[in-house]
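Participant: sharing a model that was predicted from the sequence below.
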Amino acid sequence: MKAALYDHYGAAREVLRVEDVERPEPGPGQVRARVELSGVNPTDWKCRSGATPRPIDGFQIPHHDGTGVIDAVGEGVDPGRVGQRVWLWLAAAANRWGTAAQWSVVPERQAVPLPGGASAELGASLGVPAMTAHRCLFADGPVEGKTLLVAGGAGAVGHFAIELAKHAGARVISTVSGPAKAELAGKAGADLVVNYREPDAAGQISSFAGQGGVDCVVELALGANLALDLAVTGQGARIVTYAAEPADPTLPVRACMTANVVLRFVLLYNVPAEALDQAARDITAAVDAGTLTELPVTRFGLQEVAAAQEAVEANTVGRVLVAAG
Ligand SMILES: NC(=O)c1ccc[n+]([C@@H]2O[C@H](COP(=O)([O-])OP(=O)(O)OC[C@H]3O[C@@H](n4cnc5c(N)ncnc54)[C@H](OP(=O)(O)O)[C@@H]3O)[C@@H](O)[C@H]2O)c1
């Protein structure tokens, strides 16, 4: 099969190549999917560059996310799964057979039936972003009736955080940096969208949140936004951070104590298996209900995989997808 792969860390154009490799067979408990679209996330280029290295088992086919059709199953897997259209999650985690190839092999729980009406683009966009958003939102219980602030609502994680929170019955405020991103966050269903660069951003958020303040913040820039977050949250609010800035922030301990604030951090790779399985079920149900939508898509061919990763590295708005060919 044709596969994009690397065997050491480095710049995209230096280490990523497309080669013929032997098509993998699914082992016990695994399925093999013919990949249609592979979704690219920041973690894919961070692993490939060595910024956040993960062990390489001889070679690594990158990309966790994808849409495909199961064409073979391993021992112990229901043969009735052959022919199922699926969305794949964390395909390249401790597994060399990521989705940037014509076929991917994953444990069967990581190939989830994609509801009939869903596009291949949506299926290939769900994995890392929607599962991270789910964990940030629900790690500490339901959010129905709560007021949430989603930082960066036009980003991939932010987008699904807004949609999953609305689906779960929360009121959602989102921050963005300008009008084009405001439109995306609004389309995702945010009840209020605020430009975080405006001087009265905190005032706009607080007056919408009302007396109790914001109950939970889904945060990707803790250092940059902590003052804003503390200004708008109510007593005992949660601030859930899923991204690391280049430099760690200094924590204003007294202000955090005064607010009785709860800080939580999320790294998808280390989320407990039961929570990941619950996320996969809830995300699939939300897709089935029509409440998860696509962001704008930039598409590349498999031969252009280095350009696709560079596009993510350059913060392309929306989703970058690779047609597995
Ligand atoms: N912990 C995990 O398991 C996990 C999982 C997924 C992603 N991540 C990390 O999370 C980050 C985002 O991933 P993504 O796929 O959602 O990226 P993305 O699609 O590029 O979105 C990032 C968004 O954040 C916005 N942003 C940047 N600085 C901001 C700030 N100070 N306040 C509010 N918004 C801000 C950006 O827009 P503007 O710059 O225009 O504001 C952009 O819309 C990456 O660093 C990724 O590695 C971590």
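Facilitator: Looks like it came in fine. Numbers count the residues shown, from 1 in each chain.
Participant: now the longest strand along the chain: how far from the chain's centre is it?
Facilitator: If you go by DSSP state E, the chain has its longest strand at strand 30-40. A distance of 16 Å separates the centroid of the chain from that of strand 30-40, by C-alpha atoms, centre = their mean, to the nearest Å.
Participant: any residue of that strand up close to the ligand?
Facilitator: No - judged by C-beta under 6 Å from any ligand atom, strand 30-40 stays clear of the ligand, getting no closer than 9.3 Å. Any C-beta I mention is one placed from the backbone N, CA and C, and that applies to glycine too.
Participant: partners of that strand, with directions?
Facilitator: Strand 30-40 has its sheet partners listed here by DSSP bridges as strand 65-73 (antiparallel), strand 103-107 (antiparallel), strand 319-323 (antiparallel).
Participant: buried ones in the longest one?
Facilitator: Neighbour-count burial for strand 65-73, counted by 16 or more other C-beta atoms under 10 Å, picks out 65-73.
Participant: what's the burial count for residue 142?
Facilitator: Residue 142 is flanked by 11 other residues according to other C-beta atoms under 10 Å.
Participant: would you confirm that it contacts residue 167?
Facilitator: No - counting by C-beta atoms under 8 Å, residue 142 stays clear of residue 167, with 11.7 Å between them.
Participant: pretty sure residue 128 sits against residue 66.
Facilitator: No - counting by C-beta under 8 Å, residue 128 stays clear of residue 66, with 11.0 Å between them.
Participant: give me the common contacts of the two.
Facilitator: Shared contacts of residue 128 and residue 66 (C-beta atoms under 8 Å, 6 or more residues apart in numbering): residue 39.
Participant: ok, stretch 80-89 near the ligand or not?
Facilitator: No - on the criterion C-beta under 6 Å from any ligand atom, stretch 80-89 is out of touch with the ligand, staying 11.5 Å away.
Participant: got the end-to-end distance for that stretch?
Facilitator: 21 Å (C-alpha to C-alpha, to the nearest Å).
Participant: from the ligand, how far out is the most centrally placed residue in the chain?
Facilitator: Nearest to the mean C-alpha position of the chain, by C-alpha atoms, centre = their mean, lies residue 129 at 1.1 Å. The gap separating residue 129 from the ligand is 5 Å, by C-beta to the nearest ligand atom, to the nearest Å.
Participant: could you confirm whether stretch 43-51 reaches the ligand?
Facilitator: Yes - using C-beta under 6 Å from any ligand atom, we find that stretch 43-51 touches the ligand at residue 43.
Participant: can you list the buried residues in that stretch?
Facilitator: Here stretch 43-51 shows 43-49 as buried, counting by 16+ other C-beta under 10 Å.
Participant: do stretch 47-63 as well
Facilitator: Buried residues in stretch 47-63, counted by 16+ other C-beta under 10 Å: 47-49, 60-63.
Participant: list the contacts of the residue of the chain found nearest the ligand.
Facilitator: Of all residues in the chain, residue 155 sits closest to the ligand, at 2.2 Å by C-beta to the nearest ligand atom. Residue 155 sits next to residue 220 when contact means C-beta under 8 Å, 6+ apart.
Participant: can you map out the strands along the stretch 151-300 of the chain?
Facilitator: For the stretch 151-300 of the chain, the strands defined by DSSP state E, counting those that start in this stretch cover 171-176, 192-195, 214-219, 233-241, 262-265, 297-301.
Participant: please tabulate these in a markdown table, including the columns mean neighbour count.
Facilitator: Output for these, formatted as a markdown table (neighbours: other C-beta atoms under 10 Å):
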| stretch | mean neighbour count |
| --- | --- |
| strand 171-176 | 26 |
| strand 192-195 | 20 |
| strand 214-219 | 25 |
| strand 233-241 | 20 |
| strand 262-265 | 14 |
| strand 297-301 | 16 |
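Participant: residues in contact with stretch 131-143: which ones?
Facilitator: Contacts of stretch 131-143 with the rest of the structure, by C-beta under 8 Å, 6+ apart, involve 89-90, 148, 157-161, 164-165, 168-170, 215-216, 218, 238, 240, 242, 262, 264, 266, 268, 271, 275-276, 278-280, 282-283.
Participant: and if we set it to 6 Å?
Facilitator: Under the contact criterion C-beta atoms under 6 Å, 6 or more residues apart in numbering, stretch 131-143 has outside partners 89, 157, 160-161, 164-165, 168, 170, 218, 240, 242, 266, 268, 271, 279.
Participant: do the same with stretch 222-232
Facilitator: The contact list for stretch 222-232, computed with C-beta under 6 Å, 6+ apart, reads 151, 202, 205-206, 214, 217, 239, 241, 245, 249, 255, 259.
Participant: touching the ligand at all, that stretch?
Facilitator: Yes - judged by C-beta under 6 Å from any ligand atom, stretch 222-232 comes into contact with the ligand at 224-225.
Participant: in that stretch, what's buried?
Facilitator: Within stretch 222-232, the residues that count as buried by 16+ other C-beta under 10 Å are 222-223, 225-226, 228-232.
Participant: distance to residue 121 added to the strands of the stretch 151-300 of the chain, as a markdown table?
Facilitator: Output for the strands of the stretch 151-300 of the chain, formatted as a markdown table (distance: least, C-beta to C-beta, whole Å):
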| stretch | distance to residue 121 |
| --- | --- |
| strand 171-176 | 22 |
| strand 192-195 | 24 |
| strand 214-219 | 23 |
| strand 233-241 | 27 |
| strand 262-265 | 30 |
| strand 297-301 | 5 |
